[in-house]
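> Here is the input, now give the coordinates:
(one chain, ligands or ions: 1)
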Amino acid sequence: MNDEAVLSLRRLVRRFRSGDEIVTILDGAGLELRAGEIVALVAPSGTGKSTLLHLAGLLEAPESGEILVGGRSAGRMGDRGRTEIRRDEVGFVYQFHHLLAEFTARENVMMPQLIAGVGRREAAERADGLLRRFGLGHRLNALPGKMSGGEKQRAAIARALANRPHVLLADEPTGNLDMHTSGIVFEELLRVVREDGVAALIATHNEALAARMDRRVTLRDGVVIAL
Ligand SMILES: Nc1ncnc2c1ncn2[C@@H]1O[C@H](COP(=O)(O)OP(=O)(O)OP(=O)(O)O)[C@@H](O)[C@H]1O
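As a prediction, this is how the structure comes out:
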């Protein structure tokens, strides 16, 4: 672990049109994530958690402010540079697994690697290793339709980590699971992320899960504050 920020969000402003009005959701939001640090983003519904994660993952652009990933400023990059950073540096986990239904667990975890140019054999080995770490060694060839909710979400987390990202962004990663399964899957996510030294920003409504992370932040009036 070192003290270098792998993700810096600086003075982010994001507005949306709502009918005739312009609503400012983020109003100078800033956050730094150091290598290996796991941060919980805990805030009421509608305060901008998903918006902040989308900006951090370069899925959309802020009206103003700066986003640095691995010290590189995304604002100064073209679409191609942003796409590369998204692919190589950032992993995403959503509430819904978004696995491809016609591909097995192994193939789903291979997919981002193949897109990044990794060979089939190496991608399959990495996929199997990751899935095993999530207790899915017996489900490598299972199709998502045959997997339980917890298994699918584990596979989705493995896929997010497939390209060895420095940053993992997760939006209610266990929000679709029952409380018991959610706790177990969450524990596994934290274990693997810690073992690999990945920095993570995880939005959750669940205070008990948030308490297991390194620090907690919230959004208030469009800015990030420590809890
Ligand atoms: N593309 C959009 N167009 C218009 N308004 C939007 C858009 N995206 C988000 N918003 C609005 O911005 C606000 C924040 O939304 P966001 O999804 O970031 O909140 P959240 O904190 O993640 O909420 P939840 O916990 O319910 O997921 C909401 O009022 C939402 O309606």
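> Can you show me the helices along the chain?
Using DSSP state H, the helices of the chain run over 49-56, 79-89, 105-115, 120-133, 149-160, 179-196, 207-210.
> how about those in a markdown table, adding distance to the ligand and mean pLDDT?
C-betas here are computed from N, CA, C, even on glycine. Shown next, in a markdown table, are the helices of the chain (distance: least, Cβ to the nearest ligand atom, whole Å; pLDDT from 0 to 100):
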| stretch | distance to the ligand | mean pLDDT |
| --- | --- | --- |
| helix 49-56 | 3 | 95 |
| helix 79-89 | 18 | 87 |
| helix 105-115 | 24 | 97 |
| helix 120-133 | 27 | 97 |
| helix 149-160 | 17 | 95 |
| helix 179-196 | 16 | 92 |
| helix 207-210 | 13 | 89 |
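> which ones are touching the most centrally placed residue in the chain?
Centroid check for the chain by Cα atoms, centre = their mean gives residue 169 as the closest residue, at 1.9 Å. By Cβ atoms under 8 Å, 6 or more residues apart in numbering, the residues touching residue 169 are 53, 56-57, 90-93, 200-202.
> got these as TSV, with neighbour count columns?
TSV is the format used below for the contacts of residue 169 (neighbours: other Cβ atoms under 10 Å):
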residue	neighbour count
53	20
56	23
57	23
90	22
91	26
92	21
93	24
200	26
201	25
202	29
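> Restricted to strands, list those.
Secondary structure from DSSP state E places 90-93, 200-202 of the contacts of residue 169 in strands.
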